[in-house]
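S.K.: Sequence and predicted structure are below.
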Amino acid sequence: MSNLLNSLTTELRRGTLTLAVLSQLRTPQYGYSLVQLLERSGIVIEQSTLYPLLRRLEKQELVTSSWDTTESRPRRYYVLSEYGEDIFRELKMEWEKTSNELYILLKGEEEDGSN
């Protein structure tokens with residue numbers, strides 16, 4: 001893959017990762033469980049990307065976190081806040097609208113015979 005394509009692909013994924021992460025935080029998750037959930041859906045996210053994203057989402061008050069110390073290894077769990085649930089619903093609707101619009105545009109490209 002060329003450097004330009006890599007850069008554009010990364011840019012394209014950046015916004016979708018936020019939505020993907022929010023979608024999985026309707027139930028409490030810790031970092032590794034979140035990585036696994038996303039990977040099962042085909043979305044690969046490095047921990048070096050995930051944790052800064054989770055910290056940013058917490059700073060934006062979209063998620064809250066708490067430590068679970070009942071296991072031998074303490075884990076920090078993240079979950080959507082009430083505000084985060086509202087934002088997630090709005091973002092999801094925006095994503096669906098944009099996806100449909102893009103699908104129509106790209107489908108039109110195929111029908112024109114140009115790729």
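M.R.: Okay, I see it.
S.K.: Show me how far the longest helix anywhere in the chain is from its chain's centre.
M.R.: Longest helix of the chain, by residue count under DSSP state H: helix 82-112. Here the centre of helix 82-112 is set off from its chain's centre by 14 Å, with Cα atoms, centre = their mean, to the nearest Å.
S.K.: buried set for it?
M.R.: 84, 87, 88, 91 (16 or more other Cβ atoms under 10 Å). Bear in mind the C-beta positions are built from the backbone N, C-alpha and C, glycine included.
S.K.: Make JSON lines from these and add distance to residue 65 to it.
M.R.: Formatted as JSON lines, the buried residues of helix 82-112 follow (distance: Cβ to Cβ, whole Å):
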{"residue": "84", "distance to residue 65": "12"}
{"residue": "87", "distance to residue 65": "17"}
{"residue": "88", "distance to residue 65": "16"}
{"residue": "91", "distance to residue 65": "20"}
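S.K.: Turn these into a markdown table, including pLDDT.
M.R.: Formatted as a markdown table, these follow (pLDDT from 0 to 100):
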| residue | pLDDT |
| --- | --- |
| 84 | 98 |
| 87 | 97 |
| 88 | 97 |
| 91 | 96 |
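S.K.: how far does stretch 66-83 stretch from start to finish?
M.R.: The first residue of stretch 66-83 is 17 Å away from its last residue (Cα to Cα, to the nearest Å).
S.K.: Tell me which residues are up against it.
M.R.: Contact partners of stretch 66-83, identified using Cβ atoms under 8 Å, 6 or more residues apart in numbering, comprise 22, 25-31, 34, 54, 57-58, 61-65, 88.
S.K.: Show me the strands in this structure, by range?
M.R.: 29-30, 63-68, 75-80 (DSSP state E).
S.K.: so which of the ones you listed is the most packed in?
M.R.: strand 29-30 (a mean of 20; mean count of other Cβ atoms under 10 Å).
S.K.: contacting residues for residue 56?
M.R.: With Cβ under 8 Å, 6+ apart, residue 56 has no contacts at all.
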